[in-house]
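Engineer: Provided below for reference: sequence and predicted model.
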Amino acid sequence: MTEEEQIDRIRGHKARLGKKLVILGHHYQRESIIGVSDFVGDSFGLSASAASQKNAKHIIFCGVHFMAESARVLASPSQRVFQPNLTAGCPMADMADIDDVEVAWESIQQVLGSDAVIPITYMNSSADIKAFCGRNGGAVCTSSNAGRVFEWALDKGRKIIFFPDEHLGRNTANALGIPKRQQILWNPNLPNGGNSIEDIRNAVVTLWKGFCHVHTHYTVEHIREARKRYPNCKIVVHPECKDDVVAEADEAGSTSFICSYVEQAASGATILIATEVNLTTRLAHEYPDKTILPVSRSLCHNMYRINPGNLLYTLDNLGKVNEVFVDPEVLEGARLALQKMLELAQPID
């Protein structure tokens, strides 16, 4: 079957099921998946969309596994959540193992006391880690709202431990003016995360040692070379990039921010982007009056595991294959953390 035939059959399933089905497509998906998605967005936008789909019986999340887990957490018990390829995971999410996190939490509490720290996890984490944060009064954040969630924790007079992406955590702390001497990195393979007791006491933010290979691919040299090639360009990067890359760029922000930045740029603008290449390619097609290029090509191979073939297979066998489940105890804790994120995203009067 050709891809065109697969797409036609997917559209047939959508027409037959109507509002009983919703397909969510992350910005990093290939164009053929985006074309059949009912909602397209970043992890925050799609998690909110998943929570709002009260009439849908079947939610298919075209993204990596933690995203489908989050949709399962936010969906009602009567809804079923599917992921077209259950092997599409996230290496960064796997860098924060629940056993390691609990050991770190106990070690930090022994130094600071039981009520001194709030755990915050990036959306790019397992349901186990989200549940840990929910059980301990914490929250989930995304690259869109990490600053707001950090401010919420700091306003409560608490310190922060943030997992699993050290770079989003560091860039968020930097943007809030937290000195680097008050940011420490926690390596779960070392006693006390590789830190002294004094370091732990002095830290305002403890960053888990984790990263996204798509975004750590980018270097300051990439940025400088891009400026040489395109002297009048603007460079926009994702905050999962290292902080020296963020400092070298013109702007940094989430995938939604990047999309808005390109949309609002003047016709004729040249914009180079440091994020997953599928998004950059799609923006170039959507805005042909502007020159939109990748700073360097970086692909998320796990996102690329979702394709029209396995989406069609899921629809042909709907309810029988590729369903996403979360343990009920984990689900309840994760829901608390995700609901806190959604609550903090509401406008403040």
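Structural biologist: Sure thing, it's come through.

Engineer: how does the chain divide into domains?
Structural biologist: 3-89+303-325, 93-213, 218-294 (automatic domain parsing).

Engineer: Same list (these) but as JSON lines, adding mean neighbour count, distance to residue 345 and mean pLDDT.
Structural biologist: (Each C-beta comes from the backbone N, C-alpha and C, glycine too.) Shown next, in JSON lines, are the domains of the chain (neighbours: other Cβ atoms under 10 Å; distance: least, Cβ to Cβ, whole Å; pLDDT from 0 to 100):
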{"stretch": "domain 3-89+303-325", "mean neighbour count": "19", "distance to residue 345": "7", "mean pLDDT": "94"}
{"stretch": "domain 93-213", "mean neighbour count": "20", "distance to residue 345": "6", "mean pLDDT": "97"}
{"stretch": "domain 218-294", "mean neighbour count": "18", "distance to residue 345": "12", "mean pLDDT": "97"}
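
Engineer: Tell me which of those domains sits nearest to residue 337.
Structural biologist: domain 93-213 (3.7 Å; Cβ to Cβ).

Engineer: Would you mind listing the residues in contact with the residue nearest to residue 145 when sequence neighbours are not counted?
Structural biologist: Spatial nearest neighbour of residue 145, excluding adjacent residues (Cβ to Cβ, 6 or more residues apart in numbering): residue 345 at 5.5 Å. Shown in contact with residue 345 (Cβ atoms under 8 Å, 6 or more residues apart in numbering): 44, 48, 145, 148.

Engineer: Where do the helices of the stretch 151-300 of the chain begin and end?
Structural biologist: Using DSSP state H, counting those that start in this stretch, the helices assigned to the stretch 151-300 of the chain run over residues 166-175, 197-202, 213-216, 220-229, 243-248, 255-264, 277-286.

Engineer: Tell me which stretches of the protein form strands.
Structural biologist: For the chain, the strands defined by DSSP state E cover 21-26, 39-41, 58-62, 80-82, 117-122, 139-141, 159-163, 183-186, 205-208, 234-237, 251-252, 270-274, 291-294.

Engineer: Would you check that residue 47 makes contact with residue 141?
Structural biologist: No: shown here, residue 47 and residue 141 do not form a contact pair, counting by Cβ atoms under 8 Å, at 11.2 Å.

Engineer: related to what we said a few turns ago, out of the strands of the chain, which gets nearest to residue 104?
Structural biologist: So among these, strand 183-186 is nearest, using Cβ to Cβ, at 5.7 Å.

Engineer: who does the closest one pair up with?
Structural biologist: Counting by DSSP bridges, the strands paired with strand 183-186 are strand 205-208 (parallel).

Engineer: Residues contacting the strand it pairs with, please?
Structural biologist: 95-96, 101, 104, 108, 117, 150, 159-166, 169-170, 173, 178, 182-186, 188, 193, 200.

Engineer: hmm, back to that, can you add distance to residue 336 and give the domains of the chain back as TSV?
Structural biologist: Below are these laid out as TSV (distance: least, Cβ to Cβ, whole Å):
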stretch	distance to residue 336
domain 3-89+303-325	10
domain 93-213	3
domain 218-294	23
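
Engineer: List the contacts of the residue lying closest to residue 88 once chain neighbours are set aside.
Structural biologist: Once flanking residues are discounted, residue 88 sits nearest to residue 305: 4.1 Å by Cβ to Cβ, 6+ apart. Taking Cβ under 8 Å, 6+ apart as the criterion, residue 305 is in contact with 85, 87-88.

Engineer: how much space between residue 305 and residue 202?
Structural biologist: For residue 305, the distance to residue 202 (Cβ to Cβ, to the nearest Å) stands at 43 Å.

Engineer: Could you do residue 225 as well?
Structural biologist: 38 Å.

Engineer: Looking at the domains of the chain, spot the one closest to residue 341.
Structural biologist: Across the domains of the chain, residue 341 has its closest neighbour in domain 93-213 (4.3 Å, Cβ to Cβ).
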